[in-house]
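Colleague: Need coordinates for the following:
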Amino acid sequence: MNGKMPKVCADLSEIEYGILKKLTIVEGDDGEKLKNLLRFYIHTLPELKSSEYALRRIENKKEIEENLQNVWDVYEYTDYPTENWGEDMIDKLAGDLIEINVLVKTGERQFLPSNKFRSLFKMLLHDVATENKDIDEYSAACIATIQLLMESGMGTLSKETIRDGTIFINEGWMFEYAIKLKEAREFMRTRRLFPGIEVPKTATA
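Modeller: Coordinates of the predicted model:
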């Protein structure tokens, strides 16, 4: 499509168009209102339960593993892949992630993961790490992000977008949780190695 935004035409009856025009929960006119309606729909999708995500990880195991390998393939060439990305690539990627309510724009070229994404990520990071205690924390974080992108994009995101989106989100924000998980695991492992040693209490003023 030569990088152009695809256009969708739809014939609406007078009643359907009238309803669309009167939707006060959605801003904009005509095509813009349709676009915002899609965003509103995605934003209000009910969150899946932990067990439902676990079932989908089993069902989509092969695809998730392929996406994970695509991410780690990038790190084979550089430890900091986003440093090699141009502004156009970041703007396009961020725009795609904003469309599916993964990121929210907070300023000029400034973004943050949405509260919904962040809360789901923390749940999935815990679940993935618990399911397989041998998996490293950064792979667990990548799997959590990959699964959320697959779910948020409803199967429409390309493998490249999932790969780059996973790197962008984790490098920018979510690897912090992987670091904390790694520290917590190391702490618990140390306690098991030395069960007779009491954990020092925090001094109080």
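Colleague: Return the residues in contact with the spatially most central residue of the chain.
Modeller: Averaging the C-alpha coordinates of the chain gives a centre point, and the residue nearest to it by Cα atoms, centre = their mean is T145 (4.3 Å). Under the criterion of Cβ atoms under 8 Å, 6 or more residues apart in numbering, the neighbours of T145 are F121, G165, T166, I169, N170, M174. Where you see a C-beta, it was placed from the backbone N, CA and C, and this is true even at glycine.
Colleague: Filter the residues you listed down to the buried ones.
Modeller: The neighbour count (16 or more other Cβ atoms under 10 Å) marks F121, G165, T166, I169, N170, M174 as buried among the contacts of T145.
Colleague: Hmm, A140 and the fifth one touching each other?
Modeller: No: using Cβ atoms under 8 Å, N170 is not in contact with A140; the gap is 10.8 Å.
Colleague: Can you give the distance from the longest helix seen in the chain to the centre of its chain?
Modeller: Longest helix in the chain by number of residues (criterion: DSSP state H): helix 175-193. Average the C-alpha atoms of helix 175-193, do the same for its chain, and the two points are 23 Å apart (Cα atoms, centre = their mean, to the nearest Å).
Colleague: buried sites along stretch 151-158?
Modeller: Taking 16+ other Cβ under 10 Å as the basis for neighbour counts, the residues of stretch 151-158 that come out buried are E151, S152, G153, L157.
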